[in-house]
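Chemist: Take a look and give me a structure for this.
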Amino acid sequence: MKSDGYVAYPLGVKGVVVGQGETYEEVLSDVKSAIRFHIESFGEDVFVIDPPILEAFVAEAGV
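Modeler: Here you go, the predicted structure:
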């Protein structure tokens, strides 16, 4: 079975920021790059501080 890849959507950021990749490592690198670009474009006010993100998880589902 071939994986369809990964998608990352960071929480705590105003606006839409999405990363994608064939592996977990690729999606992590892509979303970090997207966050950097978003901050460069819109400033550090893009972060939503309240409530703080305390926990996150990764899940894989197949249909």
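Chemist: where do the helices sit along the protein?
Modeler: For the chain, applying DSSP state H gives helices covering 24-42.
Chemist: Okay, now the unreliable bits of it?
Modeler: Within the chain, the segments meeting pLDDT under 70 span 1-3, 49-63.
Chemist: Return the residues in contact with Gly15.
Modeler: Shown in contact with Gly15 (Cβ atoms under 8 Å, 6 or more residues apart in numbering): His38, Phe42, Val46. (Glycine included, C-beta is placed from N, CA and C.)
Chemist: buried ones in stretch 21-34?
Modeler: For stretch 21-34, burial by neighbour count (16 or more other Cβ atoms under 10 Å) applies to Gly21, Val27, Asp30, Val31, Ala34.
Chemist: quick one, what contacts the closest residue to Gly21 other than its chain neighbours?
Modeler: In space, and not counting its chain neighbours, Gly21 is closest to Val27: 3.8 Å by Cβ to Cβ, 6 or more residues apart in numbering. Contact analysis of Val27 by Cβ under 8 Å, 6+ apart lists Gly5, Tyr6, Val7, Ala8, Gly19, Gln20, Gly21.
Chemist: Just the buried residues of the residues you listed.
Modeler: Among the contacts of Val27, those buried by neighbour count (16+ other Cβ under 10 Å) are Tyr6, Ala8, Gly19, Gly21.
Chemist: Since that was my last question, I'll sign off now.
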